[in-house]
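In: Got a predicted structure plus its sequence, pasted below:
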Amino acid sequence: MKFTIENQYISGAVVLMQQLPLAGYQSMARTRFIRVLKDQVKSLEDARKDLFDEFGEKDKDGKLIVENDSYKLKDGKSDEFQDAYTKLMTETGEVDKATYTDHKADIQDVLKNCKLELSGDDATIYAALCDALDVTFDDKKGDK
């Protein structure tokens, strides 16, 4: 399965997919899709750690200093960090992971037939997933 999606939607997409009430084959397709997304979440988390390692203040042992439940940034580096973080989160990441032949069509079908009432961030994430996976709403079955 290959698609692109902005990094800012990856973690929320995992949560949204987990909320969908599915059974049987659709549930298995969703579980496999979540595994694919979680690989992206891990890569994104590694990139975030790299940013904190670069811009964060460290103690004498080289460990990042935590203040008020977040990493303390080096003096004068807050704007640079924010710019780099914003760029990372708005980057379009490419997901390219072998799953099975009709996986994309199965997930398109799941998204197309979603019965959850969505608003706010969930609705935005749903729209991003539909765009990323080329979900069309003009027919009954997902495009392959």
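Out: Structure's in. What do you need? Numbers count the residues shown, from 1 in each chain.

In: what residue of the protein is the furthest out?
Out: Ranked by distance from the centre of the chain (CA atoms, centre = their mean), the top residue is Lys60, with 34.6 Å.

In: and the longest helix seen in the chain, what other elements does it pack with?
Out: As assigned by DSSP state H, the longest helix anywhere in the chain is helix 24-55. Applying 3 or more CB pairs under 8 Å, 6 or more residues apart in numbering; DSSP states H and E, one finds that helix 24-55 makes contact with helix 10-19, helix 78-90, strand 92-96, helix 103-112. Every C-beta, even on glycine, is put in place using the N, C-alpha and C of the backbone.

In: how close does the residue nearest to Phe55 when sequence neighbours are not counted sit to Glu6?
Out: Of all residues not flanking Phe55 in the chain, Phe81 sits nearest, at 4.0 Å (CB to CB, 6 or more residues apart in numbering). Between Phe81 and Glu6 the computed distance is 19 Å (CB to CB, to the nearest Å).

In: So for those two, which residue has more residues nearby?
Out: A count of neighbours by other CB atoms under 10 Å puts Phe81 above the other of Phe81 and Glu6, at 17 against 14.

In: what sits against that one?
Out: Counting by CB atoms under 8 Å, 6 or more residues apart in numbering, Phe81 touches 51, 55, 73.

In: Now tabulate those in a markdown table and tack on neighbour count.
Out: Output for those, formatted as a markdown table (neighbours: other CB atoms under 10 Å):
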| residue | neighbour count |
| --- | --- |
| Leu51 | 17 |
| Phe55 | 19 |
| Leu73 | 20 |
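
In: Report the mean confidence score over the longest helix of the chain.
Out: The pLDDT scores in helix 24-55 average 96.

In: now do stretch 119-135
Out: 97.

In: Run the chain-centre distance for that stretch.
Out: Stretch 119-135 sits 11 Å away from the centroid of its parent chain (CA atoms, centre = their mean, to the nearest Å).
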